[in-house]
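Q: take this sequence and fold it.
(2 chains)
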Amino acid sequence: MIKLTVNGKSYELDLPSDMPVLWVIRDRLGLTGTKYGCGVAQCGACTVHMDGEAIRSCVTPVSRAAGKSIVTIEGLEPSLSKPLQEAWTEIDVPQCGYCQSGQIMAAAILIRDQPQPTDNDIDNAMAGNICRCCTYLRIRQAIHLASRLKSSNAMLSAI
Amino acid sequence: MEGLNSIGRRQFIRNTTLAAGGLIIPFKITPRNKTKAGAPELFFRPNAYLRVGSDDTVTIVLSHCEMGQGIWTSLSMLIAEELDADWKSVKAEHAPAAVEFYHTIYATQRTGGSTSLLSEFDRYRKAGATARQLLVQAAANRYKADVKNCRTENGQVIVGENRIRYGELVEEAMRLPVPGEVKLKEPADWKLIGKKVKRLDTPDKINGKAIFGIDVQFPGLLTAMVARAPIPGAKVKSYDASATKSVAGVRQVVQVPSGIAVLADDFWAAKKGRDKLKVEWVPGDGEKIDSDNLLAELKQRADKGGIVNNTSGDPDAALKRAAKIVEVEYYQPFLAHAPMEPVNCTVRLSKDKCEIWTGTQTQTDDQRAASEITGLPIENVFINTVFLGGSFGRRNITRSDFVREGVEVAKASGKLVKTVWTREDDIQGGMYRPAFLHRFKVGLDANGEPVAWKQVSVGQSVMTGGPFEKVAVINGVDMFSIEGMHNAPFVKGIKDQRIELNTPVWPVTVDNWRAVGLSHTIFAMESLTDELAHAAGKDPVEYRRMLYKQEPRLLNVLNIAAEKSGWGKQLPKGQGMGVTVFEAVQSYVALITELSVTKEKGVRVEKVTCAIDCGLPINPDGIVAQTEGSIAFGLSAALYSEITFKKGRVQQKNFYNYPMLRMNEMPDIEVHVVQSTEKPGGVGESSVGQIMSSLTNAIFAATGKRIRSLPVIHHSTSLI
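A: Numbers count the residues shown, from 1 in each chain, chains lettered A, B, ... in the order given. Prediction:
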């Protein structure tokens, strides 16, 4: 039995220890917002957070997630999901949309750690996430906008 | 000019319409088109394409599929425009598979060829106008008013002082007879068409809720993975599944025509089970395919020539008289589509029906395939189209390969099952853009104008064996193999010319890849045009102005792109600009690429300036998004992509050896959309080919080195 927390909910699951976190959350927990793209940590479609860091869930065996806290697109905290979703909507980023959960989960860590990322910061943080529709220019714009929204939201809540 | 075959996509569309036998698509509802759970109790459905609920929601039923290209929004706009709907109340959903949703040109339910708006521009507007007219009539009846004194706005009918929401009129409107003819709005009265409208599918695509094929779930659903032929055309000799069956979660192993299917509780168990499967294959002819010999074979075939597509005058004599001769050839490799979501198909098969959930562009072909396999009548095959996680042609396969396989797995196993492909399956699984060689010998007169033209093109046919073979393959020539070449505006005017096509028949499966023929023909034509300009001693933009002097739409986009990009400006050493202008899918596109070539960074594309005239722009921001995407998609292929074979085995597996353009390589892209009033052209495929030659023409400007074979990455060491 493996114990883990996903989006704040605790689970105790009977799983093969080599099963990647991606398939635990998709096939066992039914959370399909996290996507399979390559299975070898090359495309970033499966990005989730484990104890606050972005991981490639397709190559992370569930044994490594034991006792840890996983956050998926469905459970991203509002201080990050709100500005990101607002920005993604404003810029109209997605095309097919398949990679966008992973893009947003990667961007969430970036704007959490770097409140005002430069283009270069964005390149470094996002180069691991492939978008075959090539919405990269809009992702970049949306990250800039989300970081502005996030800091103004933070200012508002501080008042 | 004597053109045996001078058809282009326009003619293809006409031929296809004729071949459909004047089929009239009924403008009516299908009883089985049930509403989804949670829908309002009452709804008004004057035709198959929309419903107005008593809760005021307007649901647009889309005959085309959403794969990123934006029809979820742009087709909905057409109905909402004529209906005067409140855009905030508009929702969209994929249509079931039914005759009402047949493409107005292809006469099967199909999304492809960048024709969705062209196909629906009249039908969807008419659907909206019909609904509006009935709602107005219902309101007029209620207030005993003349319809002439009623108007509509934002989901309401206004009769004198009264404003009645559409939802309130549903019950009355349902009872009225549907009018035969309706009047459409004048363009001056459009409120949505031509405006920047936000995508309706964005909210669900950024919170994890959007359902793609791979996300379909049911209690008890098994996941299947198929061990397929490692070499094109190989057949199963024997297999041993004993180790597979010992994997926890594996439920069943069955043989299907495409290979051996392992069914398991989840993806991971299916994959582990398949990894342990031992299959012995009979390789067949596919083993002879080897990329080491491929180019040589294409060249040999070019030496031999092929079927003459068109010939006129005496090109050999004209070449002798020419002031200059340019003799060149261009090679492009096999390419895989690699959509982010690998293909998959969920099937529930029972005695009397076959239900399918998948992201597909070809619902009618899929129905026919499932009917053929199961023996069920076509109308008992139900296709539930879900979002497509990209496609680029992979889900527009002429033989419905992944749906066919999904149905075979369900039939052989008797289970409710989702057959999924891994990324490796996708990249190694065939359905490639064919490799092509285009060879030219062109004579120029003293002014630099082409006056003699000899061409031999060599490559596999995409359309042979598919549903469009009859209209697309004429006298042995697949028009998509030489798309945009024989019918290029300046080629048509050359008196002395001969164009031949040699079509090898190899076991490698080839199919539609974004822009189809144009994905390789534009690179050849526009690289050649650049070489002709240099041979003529003319500036590449000036030279094209001369070639296209009778083509106002091409000339216009060329001039816009040249002006906006600052064409002709002085650039430092190692930097250059390259141009391409070409018509694709009834849109006119000029691209100018600006790049640098350095030892440290290699080829670095800095900026692409695009001017596009795609006819009437329905949703301008959608056009910009698609153009940005198709430029980068073509750029990714031109820089990096190649599928190669070693003794029949595909050597690429995943993104680590079939790389994609990433964020840090993305150039700045500036798109200028021409305000046209012409019929809507295609956008999704309109710029994929142009970027390839615009790129290599810019590399030539920067380095003096002419790249005649793709991908560019193979030439990186020779450029600096």
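Q: contacts and neighbour counts: CA atoms only from here.
A: OK.
Q: ok, the residue minimising distance to the centre of chain A to chain B distance?
A: Geometric centre of chain A, nearest residue: A:M105, 1.7 Å, by Cα atoms, centre = their mean. From A:M105 across to chain B, the span is 10 Å (Cα to the nearest Cα, to the nearest Å).
Q: what about that residue, is that helix, strand or coil?
A: helix (DSSP: H, G, I helix; E, B strand; the rest coil).
Q: confidence score at it?
A: On pLDDT, A:M105 comes in at 98.
Q: am I right that it is in contact with A:T47?
A: Yes - judged on Cα atoms under 8 Å, A:M105 makes contact with A:T47 at a distance of 6.1 Å.
Q: identify the contacts common to the two.
A: A:A54 (Cα atoms under 8 Å, 6 or more residues apart in numbering or on different chains).
Q: so which bits of the stretch 601-720 of chain B are right by chain A?
A: Residues of the stretch 601-720 of chain B lying near chain A by Cα under 8 Å from any Cα of the partner chain: B:625, B:628-630, B:632-633, B:654-656, B:660-664, B:666, B:668.
Q: the closest residue to chain A within the stretch 151-300 of chain B: what secondary structure?
A: Closest contact between the stretch 151-300 of chain B and chain A, by Cα to the nearest Cα, is at B:G208 (3.7 Å). Here B:G208 is recorded as coil under three-state DSSP.
Q: do the one 10 residues further on as well
A: Counting by three-state DSSP, the backbone at B:F218 sits in coil.
Q: what about the helices in the stretch 151-300 of chain B?
A: Under the criterion DSSP state H, counting those that start in this stretch, the stretch 151-300 of chain B carries helices at the ranges B:166-174, B:202-205, B:242-245, B:267-275, B:291-304.
Q: oh, I was asking about chain A
A: Secondary structure of chain A (DSSP state H): helices at A:21-23, A:78-91, A:100-113, A:119-126, A:136-158.
Q: just name the most buried of the ones you listed.
A: Of the helices of chain A, the one with the most neighbours on average (mean count of other Cα atoms under 10 Å in any protein chain shown) is helix A:21-23, at a mean of 26.
Q: the longest helix belonging to chain B close to chain A?
A: If you go by DSSP H, chain B has its longest helix at helix B:116-142. No - counting by Cα under 8 Å from any Cα, chain A is not contacted by helix B:116-142; separation bottoms out at 15.9 Å.
Q: show me what the helix or strand of chain A with the lowest mean pLDDT packs onto, helices and strands only.
A: Least confident helix or strand, chain A: helix A:136-158 with a mean of 92, by mean pLDDT, DSSP states H and E. If contacts are counted by 3 or more Cα pairs under 8 Å, 6 or more residues apart in numbering or on different chains; DSSP states H and E, helix A:136-158 sits against helix A:78-91, helix A:100-113, helix A:119-126.
Q: excluding its backbone neighbours, what's nearest B:A524?
A: Once flanking residues are discounted, B:A524 sits nearest to B:Y330: 5.8 Å by Cα to Cα, 6 or more residues apart in numbering or on different chains.
Q: do the same with B:S242
A: B:L277 (7.8 Å).
Q: care to break the chain down by domain?
A: No chain in the question, so chain A it is. A:2-75, A:78-158 (automatic domain parsing).
Q: the intended chain is chain B.
A: Using automatic domain parsing, the domain parsing of chain B gives B:31-205, B:213-283+B:343-420, B:291-334+B:432-719.
Q: now these in JSON lines, with mean neighbour count and mean pLDDT?
A: Putting the domains of chain B into JSON lines (neighbours: other Cα atoms under 10 Å in any protein chain shown; pLDDT from 0 to 100) gives the following:
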{"stretch": "domain B:31-205", "mean neighbour count": "20", "mean pLDDT": "92"}
{"stretch": "domain B:213-283+B:343-420", "mean neighbour count": "22", "mean pLDDT": "97"}
{"stretch": "domain B:291-334+B:432-719", "mean neighbour count": "21", "mean pLDDT": "97"}
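Q: got the ones you listed as TSV, with distance to A:R64 columns?
A: TSV is the format used below for those (distance: least, Cα to Cα, whole Å):
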stretch	distance to A:R64
domain B:31-205	29
domain B:213-283+B:343-420	16
domain B:291-334+B:432-719	24
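Q: residue ranges with poor pLDDT in chain A?
A: A:159 (pLDDT under 70).
Q: what's in contact with stretch B:498-508?
A: B:232-233, B:285-286, B:301-302, B:305-312, B:315, B:430-432, B:453-461, B:477, B:481-482, B:486.
Q: which of those fall in helices?
A: Using DSSP H, the contacts of stretch B:498-508 in helices are B:301-302, B:315.
Q: tell me what B:R51 is bridged to.
A: B:R51 has these beta-bridge partners by DSSP bridges: B:T59.
Q: from what I can see it touches B:T59, true?
A: Yes - counting by Cα under 8 Å, B:R51 touches B:T59, with 5.2 Å between them.
Q: contacts only, for residue 66.
A: Because you didn't say which chain, this covers chain A. A:2-4 are the contacts of A:A66 under Cα under 8 Å, 6+ apart.
Q: I was thinking of chain B, sorry if that wasn't clear
A: Counting by Cα under 8 Å, 6+ apart, B:E66 has contacts A:96, B:72, B:387-388.
Q: please apply the same query to B:W190.
A: Contacts of B:W190 (Cα under 8 Å, 6+ apart): B:E81.
Q: export stretch B:302-313 as PDB, just CAs?
A: Taking C-alpha atoms only, stretch B:302-313 is exported to PDB below (Å, rounded to 0.1, in the frame of the first residue of the first chain):
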ATOM      1  CA  ALA B 302      13.900  11.200 -61.800                       C
ATOM      2  CA  ASP B 303      16.400  10.100 -64.500                       C
ATOM      3  CA  LYS B 304      13.800   7.800 -65.900                       C
ATOM      4  CA  GLY B 305      11.000  10.300 -65.900                       C
ATOM      5  CA  GLY B 306       7.400   9.600 -65.200                       C
ATOM      6  CA  ILE B 307       3.900  10.100 -66.300                       C
ATOM      7  CA  VAL B 308       3.600  13.300 -68.200                       C
ATOM      8  CA  ASN B 309       1.100  15.500 -66.400                       C
ATOM      9  CA  ASN B 310       1.200  18.300 -68.900                       C
ATOM     10  CA  THR B 311       3.300  19.200 -71.900                       C
ATOM     11  CA  SER B 312       3.200  22.000 -74.400                       C
ATOM     12  CA  GLY B 313       5.500  23.400 -77.100                       C
END
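Q: done for today, thanks.
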